[in-house]
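>>> Turn this into a structure:
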Amino acid sequence: MGFFERNRNDLAKRGIDPDRLPPGQYSTDRFPVLHAGSVPVYRNLEDWDFEVLGEVERPFTLSWSQLMEIEPVEVTTDIHCVTKWSKFDTLWRGIPLSAIAERAGVRNSATHIMLQSEFGFSANVPLADALGEGRVALLAFEFDGKPLEPEHGYPLRFFLPHLYFWKSAKWLRKVEFMNGDKPGFWERNGYHMYGDPWREQRYWGD
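Below is the predicted model:
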């Protein structure tokens, strides 16, 4: 019996439905740390800001304190990493992207968003996946009841759990609403343009 089959059998023994695992994934209770390059260091957030731009009627920039004035929500959901681990029932707190979109006045011409982070990292997401009915999309600032740890995206990361977790961009600084699609950092380096865990869309050609 292989590792993945044992993992699924162990879940069943614990009373957890193994069908919650997308194909090719294994369940873990850990939260592995995966990123390229250095982790940003913030002595404080006084000079930190968050920008919304692109296909919107009212582009804006918010300080950290201004961002925190927007009503947050909490969600509990599973997450799936392209490196094949999944973590069940994770608790996140953040600002709904829908609140940001409403404030900005997204134009009908917008079809995608580009998530822009520190050090030039970025990820593209279809607007329908970020704002569609029944979708969860947050500007997350807490995990498991605590502020994000630096290696997990402090102070802010995008959170979109139904796609592979690289789409939940760490160290978020901008959201650009776009008319059309283009690849972000990881997509330019071989990752799939969409990234559906249930279809194993890990890399170009999958």
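
>>> For the rest of this, base every contact and every neighbour count on C-alpha atoms.
Fine.

>>> I'd guessed Met193 sits against Trp204; true?
Yes: with contacts defined as CA atoms under 8 Å, Met193 counts as touching Trp204 at a distance of 7.4 Å.

>>> Between those two, which has more neighbouring residues?
For Met193 and Trp204, the more surrounded residue by other CA atoms under 10 Å is Met193, and the numbers stand at 23 against 14.

>>> Mind jotting down where the helices sit in this protein?
Counting by DSSP state H, the chain forms helices over residues 3-13, 64-67, 97-104, 127-131, 185-188, given from the N-terminal end onward.

>>> how about the residue positioned nearest the centre of the chain, what does it touch?
Of all residues in the chain, the one closest to the mean position by CA atoms, centre = their mean is Ser168, 1.6 Å from it. Residues in contact with Ser168, defined by CA atoms under 8 Å, 6 or more residues apart in numbering, are Arg157, Phe158, Phe159, Leu160, Pro161.

>>> mind showing which ranges of the protein have poor pLDDT?
1, 36 (pLDDT under 70).

>>> Please write out the alpha-carbon positions of the longest strand seen in the chain in PDB.
Assignment by DSSP state E gives strand 85-96 as the longest strand of the chain. Provided in PDB are the C-alpha atoms of strand 85-96 (Å, rounded to 0.1, in the frame of the first residue of the first chain):
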ATOM      1  CA  TRP A  85      -0.400  18.600   1.000                       C
ATOM      2  CA  SER A  86      -3.900  19.500   2.200                       C
ATOM      3  CA  LYS A  87      -5.000  20.800   5.600                       C
ATOM      4  CA  PHE A  88      -8.600  20.400   6.800                       C
ATOM      5  CA  ASP A  89     -10.800  22.800   8.700                       C
ATOM      6  CA  THR A  90      -8.400  25.800   8.800                       C
ATOM      7  CA  LEU A  91      -9.800  29.000  10.400                       C
ATOM      8  CA  TRP A  92      -9.200  32.400   8.700                       C
ATOM      9  CA  ARG A  93     -10.200  35.900   9.500                       C
ATOM     10  CA  GLY A  94     -10.100  38.700   6.900                       C
ATOM     11  CA  ILE A  95     -11.800  41.300   4.900                       C
ATOM     12  CA  PRO A  96     -14.000  40.100   2.100                       C
END
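
>>> Which other helices and strands does that strand contact?
Judged by 3 or more CA pairs under 8 Å, 6 or more residues apart in numbering; DSSP states H and E, the packing partners of strand 85-96 are strand 26-27, strand 73-80, strand 138-143.

>>> May I have the strands that pair with that strand, each with its orientation?
Using DSSP bridges, the strands paired with strand 85-96 in its sheet are strand 26-27 (parallel), strand 73-80 (antiparallel), strand 138-143 (antiparallel).
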